[in-house]
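Participant: Let's see this in three dimensions:
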Amino acid sequence: MNRRFFWMFPAGLLLMGCASAQPAPPAEPGSPAGSISLRLPNTMTKFDHVVVTGDRISGPNLELSRYGDVYRGRAYGEIVDLEWEGDTLVGRIGNGMGTALRFREYADGYSLEGQFSGGRGFIALRGNLLKAVAGARRFDLVTDDGLVYRDVRYTVRPMEVVLSPEIAALPTREQAVALAMFLRH
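Facilitator: Numbering: from 1, shown residues only. Down below sits the predicted model:
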């Protein structure tokens, strides 16, 4: 018996199966996805990012769903259960770590400030500045275009936080939550 037959027969079956497969249905139109990226200072090839689509914030280390004023999911291995009570984002991150961040809106942006996962938290996106104290990270960044915020202390390969135009178009409270949860780790 011919050895090629044993090789060609399974390959032929595989090709016939692929040819008869139904095409995938087209994606349903929805709200455009927005993204936030963080590029680390020593290399532009290492970065972290999240995508915000409708009621979800997702990335390699972040998976949150929004149910009205409630945000639930996981962030960097910790359970997140947050909700808006008036102008304050309250709840828990991780093992009972309290969060109570007061949201303030200004003509040129917004800020969140208060208890953030058991420590002091502050995030402000105002004018051309992005300042934050989120967990162990500290940010003091500026922008020329409102989308790419760079650390001005370093001229060669500075840290960057990049917001897509879709993120910039979100309501400010939704932007604030996405940015806070992303910058926290």
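Participant: was I right about residue 71 contacting residue 90?
Facilitator: No - with contacts counted by Cβ atoms under 8 Å, residue 71 stays clear of residue 90, the gap being 10.9 Å. The C-beta positions use only the backbone N, C-alpha and C, and glycine is treated the same way.
Participant: okay, these two: which has more neighbours?
Facilitator: Counted by other Cβ atoms under 10 Å, residue 71 and residue 90 do not tie: residue 71 has more neighbours, with 23 against 17.
Participant: and the most centrally placed residue in the chain, what does it touch?
Facilitator: When the chain is reduced to its mean C-alpha position, the closest residue under Cα atoms, centre = their mean turns out to be residue 50, at 2.8 Å. Each residue near residue 50 by Cβ atoms under 8 Å, 6 or more residues apart in numbering is listed here: 35, 36, 57, 58, 59, 62, 178, 181, 182.
Participant: Please report phi then psi for the fifth one.
Facilitator: Right, residue 59. For residue 59, the backbone dihedrals are phi -170, psi -170 (criterion: degrees, to the nearest 10).
Participant: How about the second one?
Facilitator: Residue 36 adopts backbone torsions of phi -130, psi 130, taken as degrees, to the nearest 10.
Participant: List the buried residues for stretch 113-121?
Facilitator: With burial defined by 16 or more other Cβ atoms under 10 Å, the residues of stretch 113-121 counted as buried are 113, 114, 116, 117, 121.
Participant: quick one on the thing from earlier: now the common contact residues for residue 71 and residue 90.
Facilitator: Common contact partners of residue 71 and residue 90 (Cβ under 8 Å, 6+ apart): 82, 83.
Participant: can you pull out the strands in this protein?
Facilitator: 34-39, 47-53, 56-59, 62-67, 70-75, 78-85, 88-93, 97-106, 109-116, 119-126, 129-134, 137-143, 148-151, 160-163 (DSSP state E).
Participant: Can you lay out those as a markdown table showing distance to residue 169?
Facilitator: As requested, the strands of the chain are exported to a markdown table (distance: least, Cβ to Cβ, whole Å):
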| stretch | distance to residue 169 |
| --- | --- |
| strand 34-39 | 8 |
| strand 47-53 | 11 |
| strand 56-59 | 15 |
| strand 62-67 | 16 |
| strand 70-75 | 19 |
| strand 78-85 | 20 |
| strand 88-93 | 21 |
| strand 97-106 | 16 |
| strand 109-116 | 14 |
| strand 119-126 | 14 |
| strand 129-134 | 17 |
| strand 137-143 | 16 |
| strand 148-151 | 16 |
| strand 160-163 | 10 |
